[in-house]
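>>> this one's structure only:
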């Protein structure tokens, strides 16, 4: 598998919103925010403006002002002071799915993988994808299920996951021996 775009959704049940970033706090004293981008191309977050909260009821127009350590300094509409920027710390920012680029056949948004049923190559259900993680060495699928005492981390590689069928809502896995 190739790279998975690092995004997530507030509710995998068809909200139509994909999390593209988060506010890490204020930057300076004039209402700018520290912005973490979850996009494969971090600067692309500016292309999806206006962004909303998880409910889709509150919107901000986003303007990136400059790159800073671990993200960007940005201006949000209706945020004028340091205190207003600080109040948004931890706020996740969402874009409608239809504003995001289509992905090639071998790439997936994290939100599309979360909740899929995982079957082995014989058709036995192994569990469901709870989360997608990337710790630098490649993506891992966190699999949970009633037959598992603890979550299992399945490498998201073509060898371990030969088939992802989004339409059927399932993943066919060929996990390394002893993983399950």
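Received the coordinates, thanks. Here the structure is a predicted model, which is why all the values come from computation and not from measurement.

>>> Could you list the low-pLDDT ranges of the chain?
1-15 (pLDDT under 70).

>>> Can you give me the domain boundaries for it?
Here the domain parsing of the chain from automatic domain parsing is 17-99, 114-173.

>>> For residue 179, which of those is the nearest?
For these, distance to residue 179 was read as Cβ to Cβ. The smallest value, 6.1 Å, belongs to domain 114-173. To be clear about C-beta, it is placed using only N, CA and C from the backbone, and glycine gets the same treatment.

>>> now the end-to-end length of the closest one.
15 Å (Cα to Cα, to the nearest Å).

>>> And stretch 82-91, by the same measure?
Per Cα to Cα, stretch 82-91 runs 15 Å from first to last residue.

>>> Make 4 the first number, not 1, from now on.
That works, and once the first residue is 4, the last one we named lands at stretch 85-94.

>>> quick one: buried residues of that stretch?
85, 88, 91, 94 (16 or more other Cβ atoms under 10 Å).

>>> could those residues be laid out in CSV, adding distance to residue 107?
Putting the buried residues of stretch 85-94 into CSV (distance: Cβ to Cβ, whole Å) gives the following:
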residue, distance to residue 107
85, 42
88, 37
91, 34
94, 31
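
>>> among those, which are in helices?
Applying DSSP state H to those, the entries found in helices are 85, 88.

>>> between the buried residues of stretch 85-94, which is nearest residue 67?
Of the buried residues of stretch 85-94, the one sitting nearest to residue 67 (Cβ to Cβ) turns out to be residue 88, at 14.7 Å.

>>> dump the residue contacts of that closest one.
Taking Cβ atoms under 8 Å, 6 or more residues apart in numbering as the contact definition, residue 88 lies against 26, 28, 29, 30, 34, 35, 36, 79, 82.

>>> What subset of those is buried?
26, 29, 30, 34, 35, 36, 79, 82.

>>> Nearest to residue 141 among the contacts of residue 88?
Distances from residue 141 to the contacts of residue 88, taken as Cβ to Cβ, are shortest for residue 26 (28.2 Å).

>>> where's that closest one, which helix or strand?
strand 20-30 (DSSP states H and E).

>>> Equivalent analysis for residue 39, please.
strand 35-40.

>>> next one: residue 67
strand 65-71.

>>> how far does that strand sit from the chain's center?
20 Å (Cα atoms, centre = their mean, to the nearest Å).
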